[in-house]
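>>> Provided below are the primary sequence and the corresponding predicted coordinates.
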Amino acid sequence: MTCKCPPTSHTFTVGSSTADLFSIAQWPRGTQTFEAATGCSVQIANPTGGIDLFSAGSSFAVAQVQGFSACVGTGGEDGDGCQPVSCPPLGIGSCSSARPRCSVGNNGSASATYGVQCSP
């Protein structure tokens, strides 16, 4: 039997809320879905919690796969799919266990990407 879903790569992008000088920007929660073809999709969970180094929260993760045998985070800073893109002014981005973080969490917003590779 031949799988109908071809090998697929996709990069998801997420942006945080915008914080002022006295608050910490937050990752958006929720999920994002990419459909490569009818019946071939991958859904990821967005990171949660504050964008700073000290806030707790969850990481990017593959939440649901349809039609593929497997989908995993790949590429990015540590090879787990997570890549920091931007941080508030003077902030430096990093990823730890597929969770994007910034050295500064206030006075701006952040964005990150999550690369996923799906196999037939």
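Noted; the coordinates are in hand.

>>> alpha carbons only for contacts and neighbour counts from here, please
Will do.

>>> Next, the buried residues of the helix or strand where residue 32 lies.
According to DSSP states H and E, residue 32 maps onto strand 31-37. Burial within strand 31-37, assessed by neighbour count using 16 or more other CA atoms under 10 Å, is assigned to residue 36.

>>> dump the residue contacts of residue 27.
14, 15, 16, 17, 46, 47, 48, 49, 50, 51 (CA atoms under 8 Å, 6 or more residues apart in numbering).

>>> Now the strand holding residue 32: average pLDDT?
Averaging pLDDT along strand 31-37 yields 97.

>>> Partner strands of it and their direction?
strand 40-45 (antiparallel) (DSSP bridges).

>>> Let's test this: mean pLDDT of the partner strand, rounded?
98.

>>> and what of stretch 5-17?
For stretch 5-17, the mean confidence score works out to 97.

>>> list the buried ones in it?
Quick answer for stretch 5-17 (16+ other CA under 10 Å): 5, 8, 9, 10, 12, 13, 14, 15, 16.

>>> What segments of the protein are strands?
8-15, 31-37, 40-45, 61-66, 70-73, 82-86, 93-96, 99-102, 111-119 (DSSP state E).

>>> So residue 89 is in contact with residue 103, correct?
No: in this structure, residue 89 is not within contact of residue 103 by CA atoms under 8 Å, at 10.0 Å.

>>> Need the overlap of contacts for these two.
With CA under 8 Å, 6+ apart, residue 89 and residue 103 have no common neighbours.

>>> Compare these two (neighbour count), which wins?
Neighbours per residue, other CA atoms under 10 Å: of residue 89 and residue 103, the larger number sits with residue 103, 16 against 13.

>>> pretty sure that one contacts residue 95?
No: contact criterion CA under 8 Å: residue 103 and residue 95 do not qualify, at 10.9 Å.
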